[in-house]
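# show me the folded form of this:
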Amino acid sequence: MVSKEEVTEINTYFQNRMAESKKIWATRGKDARIAAAAARAANPPTWRQLSGMSLMMHEISHVGNRPFMVGFGLTAVITLWVQTKFTDEMRKESLYWSKYHGAGAAPAAAGGHH
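Residues are numbered from 1 along each chain as shown. Now for the predicted structure:
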């Protein structure tokens, strides 16, 4: 036979399962979805709900991304600095620049390259 302690334990288990099931059932249906959407709208958005510029600003401010952002910023500054120092004389001497941008550049339709 089953002892009283085991019966109590089984009853407690099933009562807990029923409470859990009722909690899950309460989150289903149209009214529950409307309530959940209202609760989400009342709270600030999580990073998963962000997009565009707000997501980018969140990622930039995140402490784990700080080394990457420092490197990205330094690369951007150095690139801009190099571009401002690129003179017309340097362009003429540059094989790449003279081939694709200078007087010797092939017409866009003739080359067939995109």
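# pull out the buried positions in stretch 83-101.
Neighbour counts using 16 or more other Cβ atoms under 10 Å place Trp97 of stretch 83-101 among the buried residues. Quick note: C-beta positions are derived from backbone N, CA and C, even for glycine.
# now the terminal residues of that stretch, how far apart.
Across its full length, stretch 83-101 reaches 15 Å between end residues, using Cα to Cα, to the nearest Å.
# what separates that stretch from the chain centre, distance-wise?
Taking Cα atoms, centre = their mean, to the nearest Å, the mean C-alpha location of stretch 83-101 is offset from the chain mean by 37 Å.
# for stretch 91-103, same thing?
When C-alpha coordinates are averaged (Cα atoms, centre = their mean), stretch 91-103 and its chain have centres 39 Å apart.
# same question, stretch 42-57
Centroid separation for stretch 42-57 versus its chain: 9 Å, with Cα atoms, centre = their mean.
# could you do stretch 37-55 as well?
If you compare the mean C-alpha spot of stretch 37-55 with that of the full chain, they lie 13 Å apart, counting by Cα atoms, centre = their mean.
# ok, and what's touching stretch 48-66?
40, 45, 47, 69 (Cβ atoms under 8 Å, 6 or more residues apart in numbering).
# got it, and stretch 26-44?
Looking at what lies outside stretch 26-44 - Cβ under 8 Å, 6+ apart - the contacts are Gln49.
# just to revisit the earlier point, so of the contacts of stretch 48-66, which ones are in strands?
Within the contacts of stretch 48-66, membership in strands is found for no residue, as judged by DSSP state E.
# how much space between Thr27 and Val70?
43 Å (Cβ to Cβ, to the nearest Å).
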